[in-house]
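J.: the sequence and its predicted three-dimensional model are supplied below.
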Amino acid sequence: MAFTYDLATNCGKVRLEIGDTVSGDGVLPSGGNLSDTEIAYFLAQEGDSVGRAAARACEALSRAWARLVDLAVGPRRESLSQAAAAWAEWARTLRSQYGGGPMGAYSAGWLRQDGYGDQAEPSDERGESTESASEYGRETVYVRV
C-alpha cells in the first residue's frame, strides 16, 4: 500500500485532516495507514472535496474500529469501542461542516392506488360508504437509496 504525505495534494490534505500523517503509525486498528488508493477513492466519491473525503474516511475508520471489542485482562482495560465512537463523532462534525453524506438519504411519498389510500372513500364490503377510516392511516416512509 502506497503512503505519501504531501500537503500540495488533496490526498495529503485528507491525511492531515484525519491525523494519518506518519508512515507506519497510522489510524487503522492495526496501526497501519490508509493507502493513497483508498483516499483517492474517498475523494472521487465525494467530488474531490477534501473535507467530505475526510468525513468519508472517518466513517470508514469508525466501521473498522467498531469490529473490535472492549478488552479487560485483570486491571488492564482497553475500550476500543470508544475509538469507533470518536471516529463516528469526528465524521459527524466534518459532515456538518462540509456537507455531503455517504449515500444520501431521500424521502419519497407514496401514492396509493388501492382502497386504502388517503383519497379512498371508506366503504363496506358492498361498496357502501361507512363512517370508519382506513386502519393504515397516514404515515411517512423514508427510503434510503
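T.: Yes, it's here.
J.: which SS class is Ala53?
T.: Three-state call for Ala53 (DSSP: H, G, I helix; E, B strand; the rest coil): helix.
J.: and the gap between it and Leu71?
T.: Distance, Ala53 to Leu71, by Cβ to Cβ, to the nearest Å: 32 Å. Every C-beta, even on glycine, is put in place using the N, C-alpha and C of the backbone.
J.: ok, now Trp65?
T.: Distance from Trp65 to Leu71, by Cβ to Cβ: 13 Å.
J.: go on, Leu94?
T.: Counting by Cβ to Cβ - Leu94 and Leu71 are separated by 29 Å.
J.: which helix or strand in this structure has the lowest average pLDDT?
T.: strand 106-107 (a mean of 44; mean pLDDT, DSSP states H and E).
J.: in this structure, where is pLDDT below threshold?
T.: 101-145 (pLDDT under 70).
J.: so which bits of the top helix by length along the chain are buried?
T.: The longest helix of the chain (DSSP state H) is helix 80-98. By 16 or more other Cβ atoms under 10 Å, the buried positions in helix 80-98 come out as Ala83, Ala84, Trp87, Ala88, Trp90, Ala91, Leu94, Arg95, Tyr98.
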